[in-house]
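Just need the structure, nothing else, for what follows:
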Amino acid sequence: MLELDDEVQDEFHLFGVQTAITDETKFIFLLNNAFHWKLQRIPDLDVTFKDETFCYSTYLYEDPHNLEDYVYVIKNQSHDKRMDKVENSLFQDVALNKSRPLLNKYKTFRYLIKLPIETDSLPIKHLTLPSVDFIYNIQPIEITSNKEKKYFLI
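Numbers count the residues shown, from 1 in each chain. As a prediction, the model looks like this:
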């Protein structure tokens, strides 16, 4: 079990992506088509903030020619994994819609992309090309907090 004091050894690049596309399925489809990736949904990234667990959709592509190259795409806004019923409510089917950005400081980014430090074959630098019109901004994110780095130990 990781303690908050433990040093995080995983080295990676993290990028924030701004796009108008809110539908994550469409966004993943467009990434797959643009870069010939095969991003697949994997189990959610579950993070606990102040005794509440928030779930973040996570996708993974592993380069079949170089298994050390990977791409993780994580939605920066949580979703409800399970429907929490409102207790003592007239409408028992109403769900609590609690949502939180994974990186609050970077909440303007809809998606986060995690890449290995040493990658030659993944075209992250080309994400800003005009031919990729569904992404209007991509920026590197510097994570200095050990606690925040642990969110990305996928």
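
in this structure, which spans are helices?
Secondary structure of the chain (DSSP state H): helices at 24-35, 146-151.

Show me which parts of stretch 27-35 are buried, residue by residue.
Neighbour-count burial for stretch 27-35 flags 27-28, 30-31, 34-35 (criterion: 16 or more other C-beta atoms under 10 Å). For glycine as for every other residue, the C-beta is placed from the backbone atoms N, C-alpha and C.

before we move on, what about stretch 104-121?
106, 109-116, 119.

Identify the farthest-apart pair in the buried residues of stretch 27-35.
27 and 35 (12.4 Å; C-beta to C-beta).

about what we covered before: among the buried residues of stretch 104-121, which one sits closest to residue 66?
residue 119 (8.6 Å).

Let me know the distance separating the residue nearest to residue 112 when sequence neighbours are not counted from residue 115.
Setting aside the residues directly before and after it, residue 112 is nearest to residue 74 in space (C-beta to C-beta, 6 or more residues apart in numbering), at 4.6 Å. Distance, residue 74 to residue 115, using C-beta to C-beta, to the nearest Å: 12 Å.

before we move on, what about residue 67?
From residue 67 to residue 115 the distance is 14 Å (C-beta to C-beta).

next one: residue 152
Residue 152 is 11 Å from residue 115, by C-beta to C-beta.

what do the two both touch?
Between them, residue 152 and residue 115 share these contacting residues under C-beta atoms under 8 Å, 6 or more residues apart in numbering: 12, 14, 72.

Report whether the expected contact of the second one with residue 143 is present.
Yes - taking contact to mean C-beta atoms under 8 Å, the distance of 6.0 Å between residue 14 and residue 143 places them in contact.
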